[in-house]
Structures are given as C-alpha cells and as structure tokens.
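>>> I need the structure of the sequence given here:
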Amino acid sequence: MFRYTLNKVALTIPTLIGVTIVAFAFIRLLPGDPILLLAGERGVTEERYTQLAAQFGFDQPLWQQYLIFMGNLLQGDLGNSFVTKQPVLTEFLARFPATLELSIFAMLLALIVGLPAGVIAAVRRGTFFDHTLMTVSLTGYSMPIFWWGLLLIILFSSILGWTPVSGRISVMYFFDMPTGLMTIDALFSGDKGAFRSALSHLILPSIALGTIPMAVIARQTRSAILEVLGEDYIRTARAKGISAWRIVGLHALRNALITVVTVIGLQVGVLFAGAILTETIFAWPGIGKWMIDSIYRRDYQVVQGGLILIAGIVMIVNLIVDFLYGLINPRIRHTRG
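Here you go, the predicted structure:
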C-alpha cells in the first residue's frame, strides 16, 4: 500500500509543475499592465515605471521571472496582492472556509439525493421512475449554473420569500469564528437564530452548485449498479433466495463504490469551477468571488497564486480518491501500483 501511495504522489509532481507553467503564462496573457496598477491612479513617470519593474522583476526575461517565481513558491511565498498588499496565501486561507463549507453542503446534497436515486433507478430499470430520473438528471446536468442560480433567486427569494438572496448570514448576528465555517461556528455560539440564518443562506447556493454533481452521481451510480447486477455472483445470490434489496445493499452497491468514489473525486474540480459562478451570483465571500474580483482588478499575483492553490487542492483530493481505491479494492494496488 505504501508503494502504491508513493507512486501516486510522484505522479502529481509533473502535474503540479505543469500547473505552475500554465498559471504563470495565463497571467501574462491578461490585458493590462501590472506596473500601472502598482503605481496607483495618479499615473507614473518613466523613472517610476522603471523602478517598479525592477523591484518586482518585470524587467527580467520571462524564463528568469518563472525561475524566481518557482523559488519563492518552494518557500511558500505566493507574493502579495497588488491591491490590498496582503500575502496571497493569507487572503486565500481567510476565504477558503466559505468555499469549503459551500462545497461540502453541495456535495452532501448531491450524495443524499443522487446516490439513492441512482440505486432505485437501476433496480427499477425501464420503469416510469427510471425514465423520469434520467430525464431530470440530463436536464440538471445541462443547466448553466448562472441561469439556474438566478431562477432559484427569483422563485424562492423574490417571489416566495423563503430564503435570503445573498451573503452567509444576516448582519444582525455577531460571534467568534474559530473554524471559519459559518454553520459550525453559529451552532457553537449557542444562538439558534444565528444557526438558522446561516443554514438558510446556504440552501440556494448549495442547490445551484450541487445540481450538476447530483445528476452525474445519479447517472453513474445507475450505470455501475446495472453492470454489477449482471455478474454471476449476483445471479447466484438471487438463486439462493436472498431479497433484491439485500443483494443491492450488500453486494451490488459495495462493488459499484469504486465508480461512485471516482465520480465524487472528479466532481471536486467541478465544484471549484462552479463555485466561481455560484459565489458571484449569491455574493458568497469565498475564493471563487475573490478570484473573479481579482481578475477584474488585474491583481495578477492573486490570480496566479489562487490558480495554483486551487489546483493543489484538487490534486490532493484526487490522491485521496486513489488511496480509497486501494482500500475498497485491494487488487487495484497490485495492478496499478
């Protein structure tokens, strides 16, 4: 198992290097001059321009700028924001709990609805429920997040008035946030009203962000269960008189978990990509909105560092998924290790 895990970790190194190259090149393709942003609104003289270019290394060849950037990155230095002058890593860590909380709730919603729906659709293959589920899943997968999010706001916030429109909690509540997760901190604050407010603010963003993963999990679970139900050992279990739901729960679902875990791992990247739009629509103060605002402000250091940090998190999740493969099915450790 150790060798299998070590091989997977080694494979992430070239990927991480590729991510740094893409992030470094992407920033330099954005329109605008970062030196003008650093100089402020009053303009800049030629002497001041040259001084700032030398100070931040923009007067060096691109390959040398990249090597300097990589040297700083290996020391944990992602640079400072051009706008706030704060370290990029500090700003990222301050906003990451909001995105993490939203992603967790969205994935929980996707699992709670998508997994049972996929299992039931597989067991009742060809029925009205199966056809309805597949139609709804295809519709959910096809809906753009920005359009779906606006529809949710119009219906549940504007027309029905059931949920808040934006933010993480009502402005009337104040309490310490040691974890940065609003629902957890509100719960431990002892104020039931604060917890209800935090939870109500999560409903619409979680639905908007979790719809696509929910549809994918439902469809892939259905396909995996159907494939397993055709195996010989399943037919043997049926011949022994074991009930259908016991067969599905103890045999089919367990062997289909590899596919489900794969889907969950792949959806992490989808969640982070979707969080950019979701957080913008619902004014959710996470890293997605932070990245969009930084692109608008031409804050190159933030965009560059944010891309690398997000990619690193996605790769870590993929490593965890690979590790779970080996736990669920030990044969994978030998065939892939």
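>>> in which helix or strand would I find Gly71?
helix 62-74 (DSSP states H and E).
>>> Identify all contacting residues around that helix.
Thr20, Ile21, Phe24, Arg28, Gly57, Phe58, Gln60, Leu78, Gly79, Gln304, Ile308 (CB atoms under 8 Å, 6 or more residues apart in numbering). (Each C-beta comes from the backbone N, C-alpha and C, glycine too.)
>>> Excluding chain neighbours, give the residue nearest to the last one in space.
Take Ile308 and drop its neighbours on the chain: the residue closest to it by CB to CB, 6 or more residues apart in numbering is Ala23, 5.3 Å away.
>>> Hmm, that neighbour is touching Leu309, no?
No. Taking contacts as CB atoms under 8 Å, Ala23 lies outside contact range of Leu309: 9.8 Å.
>>> What's the separation between Ser223 and Val119?
For Ser223, the distance to Val119 (CB to CB, to the nearest Å) stands at 12 Å.
>>> More neighbours: which of these two?
Neighbour totals were compared for Ser223 and Val119, and Val119 leads with 22 against 15 (other CB atoms under 10 Å).
>>> what mean pLDDT would you report for whichever helix or strand Arg95 is part of?
Taking DSSP H and E as the criterion, Arg95 maps to helix 88-123. Average pLDDT, helix 88-123: 90.
>>> quick one: average confidence on the very next helix or strand once past it?
Sequence-wise, the next helix or strand downstream of helix 88-123 (DSSP H and E) is helix 128-142. Average pLDDT, helix 128-142: 85.
>>> name the helices or strands packed onto helix 128-142?
With contacts defined as 3 or more CB pairs under 8 Å, 6 or more residues apart in numbering; DSSP states H and E, helix 128-142 has these neighbours: helix 88-123, helix 192-229.
>>> Name the residues of stretch 90-108 that are buried.
Under the neighbour-count criterion of 16 or more other CB atoms under 10 Å, stretch 90-108 has 91-92, 95-103, 105-107 buried.
>>> Looking at these, spot the one nearest Thr278.
Leu102 (7.1 Å; CB to CB).
>>> In terms of pLDDT, where does the nearest residue to the closest one once chain neighbours are set aside sit?
Computed as CB to CB, 6+ apart, the closest residue to Leu102 that is not its neighbour in sequence is Pro205, at 5.6 Å. We have a pLDDT of 93 for Pro205.
>>> Pro205 against Trp284, yeah?
Yes. Counting by CB under 8 Å, Pro205 touches Trp284, with 5.7 Å between them.
>>> So if I had to pick from those two, which one is more boxed in?
Between Pro205 and Trp284, counting by other CB under 10 Å, Pro205 is the more crowded of the two (28 against 24).
>>> List the residues that contact the more buried one.
Applying CB under 8 Å, 6+ apart, the residues near Pro205 are Leu102, Ala106, Gly149, Thr278, Glu279, Ile281, Phe282, Trp284.
>>> give me that answer again for 10 Å
By CB atoms under 10 Å, 6 or more residues apart in numbering, the contact set of Pro205 is 101-102, 105-106, 149, 152-153, 163, 166, 168, 274-275, 278-279, 281-284, 286.
>>> Tyr296 - how many residues pack around it?
8.
>>> quick revisit: tell me the one among the contacts of helix 62-74 nearest to Thr262.
Ile308 (24.7 Å).
>>> what sits against the closest one?
Ile308 neighbours (CB under 10 Å, 6+ apart): Leu16, Val19, Thr20, Val22, Ala23, Phe24, Phe69, Leu73, Leu78, Val88, Phe92.
>>> what helices or strands is whichever strand or helix holds the first one leaning on?
Assigned by DSSP H and E, Leu16 belongs to helix 2-29. Counting contacts by 3 or more CB pairs under 10 Å, 6 or more residues apart in numbering; DSSP states H and E, helix 2-29 is packed against helix 62-74, helix 300-328, helix 331-336.
>>> Can you get me a residue count around the nearest residue to Val113 once chain neighbours are set aside?
Spatial nearest neighbour of Val113, chain neighbours left out: Met214 (5.4 Å); criterion: CB to CB, 6+ apart. Using other CB under 10 Å, Met214 is surrounded by 27 other residues.
>>> so Met214 makes contact with Pro116?
No. Applying CB atoms under 10 Å as the test, Met214 and Pro116 come out as separate, 11.1 Å apart.
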